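>>> need the 3D shape of this:
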Amino acid sequence: MQNGKRGAAAASMMLLAGLLGTAAAQAQSPAADKPRLQEISDAELAAMRGRYTLAGNAVAWFGVSLISQWRSGDGQQLAAGLQLGVDLRSGSPRFTYQPTVNIAYQGDAGSLGSTTLRQIDSAGLANASGFVQAVQLAGDGNQVSNQAELVIRDGPVPQMAAGSAAGSAGAVNGPASVQAWVDGQRAGVTLQLAGQGQVRQWLGGGQVGQSVALASDGSWVSNQLRLEVVRGPAVAGSGLAQNVAQALGSSRGLGNIGGP
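Now for the predicted structure:
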């Protein structure tokens with residue numbers, strides 16, 4: 001909540017600065033030419049939100065961390081993670097990514113796994129845009145969490161190893177499969193158990209999404225998404241950095257999103 005208050009305060013100060021700047025410019029004109037101040041409606045403010053950034057306040061680096069974990073009722077453990085970083089300081093973006101995947105089995109979890117045939121349809125998520133969180137459960141005793149965090153800060157840029165804008169890692173063990181991928185336009189992680197469901201996180205195509213669809217009993221699932229933005233001085237020709245700053249501006253004050 002504290003982050004949200006700071007974001008709201010920053011947005012208010014930016015709006016106030018803009019109004020004061022306009023008033024100062026108009027002071028150079030005759031009094032008869034000065035328009036009267038009018039209150040801006042909530043709808044107009046919503047349309048302007050996030051479209052403007054102060055000069056010199058561009059995005060120097062942003063990173064995404066996706067971590068998905070699933071412990072099924074029959075003892076299978078699936079995990080996938082992805083760390084993606086984009087350095088924008090030079091005006092030409094440099095990418096790095098680090099995928100991790102794992103499948104394990106933990107002894108005998110008893111008879112929690114269900115053999116009942118159940119179906120879940122998540123196709124409708126493709127029609128959504130913006131930030132998407134979805135939980136679909138067709139079972140009992142499941143614990144599910146979708147969590148997302150946005151951090152915007154000033155300061156040093158994290159160290160990055162050389163990387164490319166595409167790659168993937170995956171593993172398959174019987175009915176279990178895990179995958180982490182980056183293809184230049186999209187990035188994400190997927191956990192899947194045949195007959196039990198699917199856990200996903202993704203970015204791209206106008207979406208940032210977290211989805212859990214379970215058709216089994218006794219599962220524990222956690223989706224964690226973290227977006228980190230480091231601001232820095234604008235660089236000549238860094239149009240992409242400014243565009244990212246404007247897009248992320250609309251998320252100011254959101255803080256943590258989602259939860260158990």
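>>> the stretch 1-150 of the chain: helices as residue ranges?
In the stretch 1-150 of the chain, the helices defined using DSSP state H, counting those that start in this stretch lie at 2-26, 42-48.
>>> among those helices, show the one with the smallest mean pLDDT.
Ranked by mean pLDDT, the helices of the stretch 1-150 of the chain bottom out at helix 2-26, with a mean of 43.
>>> got the contact list for residue 151?
Each residue near residue 151 by Cβ atoms under 8 Å, 6 or more residues apart in numbering is listed here: 226, 227, 228, 229. C-beta coordinates here come from the backbone N, C-alpha and C atoms, glycine included.
>>> checking my notes, it in a helix, right?
No. Counting by DSSP: H, G, I helix; E, B strand; the rest coil, residue 151 is not found in a helix; it is strand.
>>> please name the bridge partners of it.
residue 228 (DSSP bridges).
>>> and it, how far is that from residue 206?
Note on residue 151: its distance to residue 206, by Cβ to Cβ, to the nearest Å, is 22 Å.
>>> residue 172 now?
The gap separating residue 172 from residue 206 is 30 Å, by Cβ to Cβ.
>>> so between the two, which is more surrounded?
Remark: of residue 172 and residue 206, residue 172 carries more neighbours, 12 against 8, as counted by other Cβ atoms under 10 Å.
>>> residue ranges of each domain in this structure, please.
1-33, 60-259 (automatic domain parsing).
>>> just give me the lowest mean pLDDT stretch among these.
Across these, domain 1-33 gives the lowest mean pLDDT, at a mean of 44.
>>> dump the residue contacts of residue 189.
66-68, 80-82, 99, 178-181, 200-202.
>>> same question for residue 64.
Going by Cβ under 8 Å, 6+ apart, the list of residues near residue 64 reads 82, 83, 84, 85, 187, 203, 225, 226, 227, 228.
>>> make it 10 Å
82-86, 97, 182, 187-188, 201, 203, 208, 225-228 (Cβ atoms under 10 Å, 6 or more residues apart in numbering).
>>> if I read this right, residue 72 contacts residue 197, doesn't it?
Yes. Assessed by Cβ atoms under 10 Å, residue 72 is found in contact with residue 197 at 8.8 Å.
>>> overlap of the contact sets of the two?
142, 191, 214, 216, 219, 221.
>>> backbone phi and psi for the second one, please?
Just to be clear, that refers to residue 191. Backbone torsions for residue 191, taken as degrees, to the nearest 10, come to phi -120, psi 130.
>>> so what's the residue count around it?
Neighbour tally, residue 191, other Cβ under 10 Å: 28.
>>> before we move on, what about the first one?
Neighbouring residues of residue 142 were enumerated by other Cβ under 10 Å; the total is 19.
>>> how near is the closest residue to it other than its chain neighbours to residue 137?
Closest residue in space to residue 142, ignoring its immediate chain neighbours: residue 219 at 4.8 Å, by Cβ to Cβ, 6 or more residues apart in numbering. Using Cβ to Cβ, residue 219 is found at 9 Å from residue 137.
>>> for residue 216, which non-adjacent residue is closest in space?
In this structure, residue 216 finds its nearest non-sequential neighbour in residue 196, 4.0 Å apart by Cβ to Cβ, 6+ apart.
>>> which ones are touching that neighbour?
By Cβ under 10 Å, 6+ apart, the neighbours of residue 196 are 70, 72-74, 76, 113-114, 118, 139, 175-176, 213-217, 219.
>>> please apply the same query to residue 204.
182, 183, 184, 185, 186, 187, 188.
>>> nearest to residue 146, of those residues?
Nearest to residue 146, judged by Cβ to Cβ, of the contacts of residue 204 is residue 188 at 14.0 Å.
>>> and the closest one, bridged to which residues?
The partner residues for residue 188, given DSSP bridges, come to residue 181, residue 202.
>>> try the one 10 residues further on
Beta-bridge pairing for residue 198 (DSSP bridges): residue 192, residue 213.
>>> tell me if I'm right that it and residue 223 touch.
No. Using Cβ under 10 Å, residue 198 makes no contact with residue 223, being 11.6 Å away.
>>> out of those two, which sits in the busier spot?
residue 223 (26 against 19).
>>> right, I'll leave it there.
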